[in-house]
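1. fold the following and give me the result.
(one chain, ligands or ions: 2)
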Amino acid sequence: MKQITLLGATGSIGIQTLEVIRLHPDHFSVYALAFGKNIEKALPLIKEFSPKIVVVQDKTIKKQVESEFPDIQVLLGTEGMIAASTAADVDVLVNAVMGSVGLPATLAAIEAQKVIAIANKETLVTAGHLVMEAAYRYNVDLLPVDSEHSAIFQSLNGEKPDTIERLVLTASGGSFRDKTREELKGVTVEDALNHPNWSMGAKITVDSASMMNKGLEVIEAHWLFHIPYEQIDVILHRESVIHSMVEYKDRSVIAQLGTPDMKVPIQYALTYPDRLDLSMTKRLNLEEIATLHFQPMDYERFRCLKLAYQAGKEGGSMTTVLNAANEQAVELFLNGKISFLDIETLIEQALESHQTIAKPDLETIIAIDQETRSQVCSYLK
Ligand code: NDP
Ligand code: MG
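-> Ligands and ions are numbered 1, 2, ... in the order given. You can find the predicted model right below:
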């Protein structure tokens, strides 16, 4: 029986993680649940899974949870997420919060030698060097939840890095894959949130539309698999059937396929190195799909992807800036303050004005993250 701490329980990945846990009561139990502000969604989950610890984002919500569940310990904010992730009884941390706010808990859980199922890609983009160094030092498994990285992880199957020619990440293209740059000028928040293949949280859905999601994933892949950026490619694949692939030096290409359902990579991260049934997910029917399409990426059309490669190759604190500027810009877009194309302009401005620090420590990363967010907001004034 694995005891799980789940950060981001009320989110898209959080809810699907709980669906997987519900399917296998003999294998998994919930030790702690953390969420932000969505108390309506959280209360029934706390009732159903009766965790030992609940972590919330603000004091009013803390009081509400305490009055409903007097026997459950309720903790607050980042300190609370760290305590819930490092408790002695926890076996696995599923980090599914949105944004760089998930970083301190990931690092603390690594130091406490927990297995980490990582959905929170912003953690790796903002501080990949710290996370990977810690994972190496404490000999901890960092298991990918992101579907592309789960596909690569499964396709790698323990092969040596020097046998790899390249990693190929597939991209569905997001909500605006058929629009020209001219057509992108008038798009609304509602249009952006209408993803053709996947149902996800608002921020990552906008990231998919801007292709920044793929950019963040390239950086995530660089850190998780220790592969240089020159050996990571992206290909447009509308059907999201091939979730990503590895090309080896002997020209063999190994890919992982399946219907687009996040429960598959979530469950694999929880069961690794074993596999369990997941009969609620539709089987892949290639005869029904009949044709798969592939197109080269257009880096001028999808400028955010180009910016991500540039920031990744520059390295150091540049990816911290990329991530923070993107988080802030997407929030402004979702709140109706800026247009869709302003997202990339704001990110570009933030990157251009930053002097790279080669190996920033956690304190520096948190400071740069905050500065970048205020800077992006100040460009608006
Ligand atoms: P959602 O927006 O659906 O959920 C985010 C979760 O994080 C919610 O539970 C939210 O709580 C919580 N949260 C947000 N801010 C804070 C905070 N400051 N403190 C504590 N909790 C917080 O996001 P997704 O589930 O879509 O994505 C989560 C992560 O997984 C992201 O990093 C994303 O890139 C990654 N991912 C998601 C995929 C998907 O299919 N959705 C696919 C691959 C990766 P509340 O709502 O209660 O405020
Ligand atoms: Mg993905």
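2. where does the stretch 201-350 of the chain get nearest to ligand 1, residue-wise?
-> Closest contact between the stretch 201-350 of the chain and ligand 1, by Cβ to the nearest ligand atom, is at Gly201 (2.5 Å). No exception for glycine: its C-beta is placed from N, CA and C like everyone else's.
3. pull the number of nearby residues for that residue.
-> Per other Cβ atoms under 10 Å, the neighbour tally for Gly201 reads 17.
4. please report phi then psi for it.
-> Backbone torsions of Gly201, given as degrees, to the nearest 10, read phi -60, psi 160.
5. quick one, what contacts it?
-> Shown in contact with Gly201 (Cβ atoms under 8 Å, 6 or more residues apart in numbering): 11-13, 98.
6. likewise for Leu6?
-> Counting by Cβ under 8 Å, 6+ apart, Leu6 touches 14, 17-18, 30, 32-34, 94, 96.
7. now it: which helix or strand?
-> strand 2-7 (DSSP states H and E).
8. pretty sure Val168 is touching Glu247, no?
-> Yes - Val168 is within contact range of Glu247, at 6.4 Å (criterion: Cβ atoms under 8 Å).
9. circling back: which of the contacts of Leu6 sits closest to ligand 2?
-> Of all the contacts of Leu6, ligand 2 sits closest to Ala96, with 12.8 Å by Cβ to the ion.
10. against Asp58, how distant is the closest one?
-> Distance of Ala96 to Asp58, given as Cβ to Cβ, to the nearest Å: 19 Å.
11. what is the neighbour count of Ala151?
-> Neighbours around Ala151, by other Cβ under 10 Å: 28.
12. for it, give me the pLDDT.
-> Looking at Ala151, its pLDDT stands at 98.
13. ok, the one 4 residues further on next?
-> Taken from the predicted model, the pLDDT recorded for Ser155 is 98.
14. next one: Phe49
-> pLDDT recorded at Phe49 is 98.
15. got phi/psi on the closest residue to it other than its chain neighbours?
-> For Phe49, ignoring the flanking residues on the chain, the nearest one in space by Cβ to Cβ, 6 or more residues apart in numbering is Val30 at 4.1 Å. Main-chain torsions, Val30, degrees, to the nearest 10: phi -90, psi 120.
16. which strand or helix spans Gly80?
-> helix 77-86.
17. what about that helix, average pLDDT?
-> Mean pLDDT, helix 77-86: 98.
18. which residues do Val168 and Glu247 both contact?
-> Val253.
19. and Cys377, how many neighbours?
-> By other Cβ under 10 Å, neighbour count at Cys377 equals 15.
20. helix/strand/coil for it?
-> Classification of Cys377 using DSSP: H, G, I helix; E, B strand; the rest coil returns helix.
21. wait, it sits on Ala325?
-> No - with contact defined as Cβ under 8 Å, Cys377 does not count as touching Ala325 (10.5 Å).
22. show me the contacts for the one residue in the chain that gets nearest to ligand 2.
-> Nearest residue of the chain to ligand 2, counting by Cβ to the ion: Asp146, 4.2 Å away. Each residue near Asp146 by Cβ under 8 Å, 6+ apart is listed here: 118-119, 121, 217, 220, 265.
23. who does the residue nearest to Phe49 bridge with?
-> Residues in a beta bridge with Val30, per DSSP bridges, are Ile4.
24. wait, it sits on Lys47?
-> No - Val30 sits out of contact with Lys47 when judged by Cβ under 8 Å, with a separation of 11.8 Å.
25. so between the two, which is more surrounded?
-> Val30 (23 against 10).
26. residue contacts, the more buried one?
-> By Cβ under 8 Å, 6+ apart, the residues touching Val30 are 3-4, 6, 18, 21, 49-51.
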